[in-house]
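Asker: What follows is a protein structure lacking sequence information:
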């Protein structure tokens, strides 16, 4: 009987140890599963964090690229404005210079006109010198884009001509230029100076 009790006790002990072993196995599996789950979750968190960081850097890069392109465009606009202002300044300076030279042209032409009806004056070296200088002036202004505005006999145009006075002309159908006091000029197809003229107009009806 005692032997039977001992056997039963040993069996119980074996069963308990077996149960403990099973429990230990289950606990290890649970720890393993928990560890795997933790690692997977941690991995996902790191990936999400990394993706978020990448997205932030991409946004920063796009923003910097946009600012760079805007800065380059602004620099190009500044360069173009500076170049245009430089050209405009040169044009204004050239225009002022040419206008001053035209005043000299007027005086030369008056001097030439004064000697047109005097053979002695026309044959003098002095007069020929004036004609030569006048021709050089004309060549110079033509080379710089200045052209004379045709006036005599043309219809009066207030945009191109400045009427000093108006006189009645018989059989005149419309206002036209009958005398030019000072020639008008264009610079590269833009008005440089209006012509000072005397305008003939139709005779008033009685």
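Answerer: Nice, thanks for sending it over. On a predicted model such as this, the values are computed, not experimentally measured, just so you know.
Asker: pretty sure residue 167 contacts residue 200?
Answerer: Yes: counting by Cβ atoms under 8 Å, residue 200 is a contact partner of residue 167 at 5.7 Å. Backbone N, C-alpha and C define where each C-beta goes, glycine included.
Asker: Would you state the strands of this protein in chain order?
Answerer: Counting by DSSP state E, the chain has strands at residues 146-148, 161-169, 176-182, 185-187, 190-193, 195-202.
Asker: Residue 73 is nearest to which of these?
Answerer: strand 190-193 (31.2 Å; Cβ to Cβ).
Asker: Check which residues of that closest one are buried.
Answerer: For strand 190-193, a neighbour-count test (16 or more other Cβ atoms under 10 Å) marks 192, 193 as buried.
Asker: same deal with stretch 169-180?
Answerer: For stretch 169-180, using 16+ other Cβ under 10 Å, the buried residues are 175, 176, 177, 178, 180.
Asker: Please apply the same query to stretch 99-116.
Answerer: 102, 105, 108, 109, 111, 115.
Asker: Mind listing the residues bridging to the closest residue to residue 166 other than its chain neighbours?
Answerer: Spatial nearest neighbour of residue 166, chain neighbours left out: residue 199 (4.7 Å); criterion: Cβ to Cβ, 6 or more residues apart in numbering. Note on residue 199: beta-bridge partners by DSSP bridges are residue 166, residue 177.
Asker: Residue 199 against residue 163, yeah?
Answerer: Yes: between residue 199 and residue 163 a contact is recorded at 4.6 Å, counting by Cβ under 8 Å.
Asker: joint contacts of the two?
Answerer: Both residue 199 and residue 163 are in contact with residue 156, where contact means Cβ atoms under 8 Å, 6 or more residues apart in numbering.
Asker: More neighbours: which of those two?
Answerer: Between residue 199 and residue 163, counted using other Cβ atoms under 10 Å, the more crowded position is residue 199 (21 against 16).
Asker: Pull up the gap between the more buried one and residue 69, please.
Answerer: 59 Å (Cβ to Cβ, to the nearest Å).
Asker: Repeat that for residue 201.
Answerer: From residue 201 to residue 69 the distance is 63 Å (Cβ to Cβ).
Asker: Settle it for me: which of those two has more neighbours?
Answerer: Legend: neighbour count by other Cβ under 10 Å for residue 201 and residue 69, higher for residue 201 (16 against 10).
Asker: contacting residues for that one?
Answerer: Taking Cβ under 8 Å, 6+ apart, we find residue 201 in contact with 166, 167, 168, 169, 172, 175.
Asker: Rank the residues you listed by pLDDT and give me only the lowest.
Answerer: Lowest in pLDDT among the contacts of residue 201 is residue 172, which has 72.
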